[in-house]
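Student: my questions are about this predicted structure, shown below with the sequence.
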Amino acid sequence: MAGPATGRQRYQWGLLLLVAVILVAWLFVDNGDQDAPGGSTSDSSSATSSSTSSSPSSSPSEGLATTGPSTDPTDDTGGDGGTDPESGLPIVQLSDLPPEAAETLDLIEAGGPFPEDRDGVTFENREDLLPDHPVGYYKEYTVPTPGSADRGARRIVVGEDGELYYTGDHYSSFSRIAR
């Protein structure tokens, strides 16, 4: 028959319990999506064609002007900035984005031709920063970065219902473009 636990046994059991709690907590914590660059897109052609009007979002690293929130929480015009009620993302005016964003939107509305082979591919929203929709709902387009030897990090993502999102940091953050 075992006697009462010694101090050393209590310490070992306590340590084991602490490790178990940390392990369980770690399993339930969302560590974020750690895809390789470009991991959010697919060449899948199963998606329907994109709408000609969508809204991009922007990253603070793109030097966008920040303004106070709109007085109307459902205002998606972005007049005073604010937050998009559907996505919870900041709203940005097209004029506050790099000039290449307007050129890319013109190409999207015209249906191309696009300068990059991957323009118009499915954006899978693996980062889960845009509103949830079936795969194929979003398409992505490159916003050229002057002086960059590759596609760069700037994209416009277009939803089937015409919403436009801009990212200046390769999907780490988005803003909705006001229409």
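Tutor: That came in fine, so what should we check first?

Student: contacting residues for the closest residue to Val143 other than its chain neighbours?
Tutor: With CB to CB, 6 or more residues apart in numbering as the criterion, Val143 has its nearest non-adjacent residue at 3.8 Å, and that residue is Arg154. Where C-beta positions appear, they are placed from N, C-alpha and C, glycine not excepted. Each residue near Arg154 by CB atoms under 8 Å, 6 or more residues apart in numbering is listed here: 62, 98, 100-101, 142-145, 166-168.

Student: relative to Leu97, how far out is Arg154?
Tutor: 9 Å (CB to CB, to the nearest Å).

Student: please enumerate the strands of the protein.
Tutor: For the chain, applying DSSP state E gives strands covering 41-42, 91-92, 121-123, 138-142, 155-159, 164-167, 175-177.

Student: now do the fourth one against strand 155-159, angle only.
Tutor: Think strand 138-142. 160 degrees (axes from the mean of the first three to the mean of the last three CA atoms, to 10 degrees).

Student: which strands border strand 138-142, and is each parallel or antiparallel?
Tutor: strand 121-123 (antiparallel), strand 155-159 (antiparallel) (DSSP bridges).

Student: of those strands, which stretch is the most buried?
Tutor: Burial among the strands paired with strand 138-142, expressed as mean neighbours by mean count of other CB atoms under 10 Å, is greatest for strand 155-159, which shows a mean of 27.

Student: surely Thr145 and Glu100 touch.
Tutor: Yes: between Thr145 and Glu100 there is a contact at 7.5 Å, judged by CB atoms under 8 Å.

Student: what segments of the protein are helices?
Tutor: Counting by DSSP state H, the chain has helices at residues 7-28, 99-110.

Student: by mean pLDDT, which helix or strand of the chain comes out lowest?
Tutor: None of the helices or strands of the chain scores lower by mean pLDDT, DSSP states H and E than strand 41-42, at a mean of 46.

Student: most neighbours of all the contacts of Arg154, which one?
Tutor: In terms of neighbour count, Tyr166 stands highest of those at 31 neighbours, by other CB atoms under 10 Å.

Student: just to check, that residue is in contact with Ile177?
Tutor: Yes: applying CB under 8 Å as the test, Tyr166 and Ile177 come out as touching, 5.7 Å apart.

Student: residues in contact with Leu107?
Tutor: Leu107 neighbours (CB under 8 Å, 6+ apart): 113-114, 119, 141.

Student: pLDDT, neighbour count and distance to Gly88 for the residues you listed - can I get that in TSV?
Tutor: Shown next, in TSV, are the contacts of Leu107 (pLDDT from 0 to 100; neighbours: other CB atoms under 10 Å; distance: CB to CB, whole Å):
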residue	pLDDT	neighbour count	distance to Gly88
Pro113	94	7	34
Phe114	95	15	29
Asp119	97	19	27
Tyr141	97	27	23
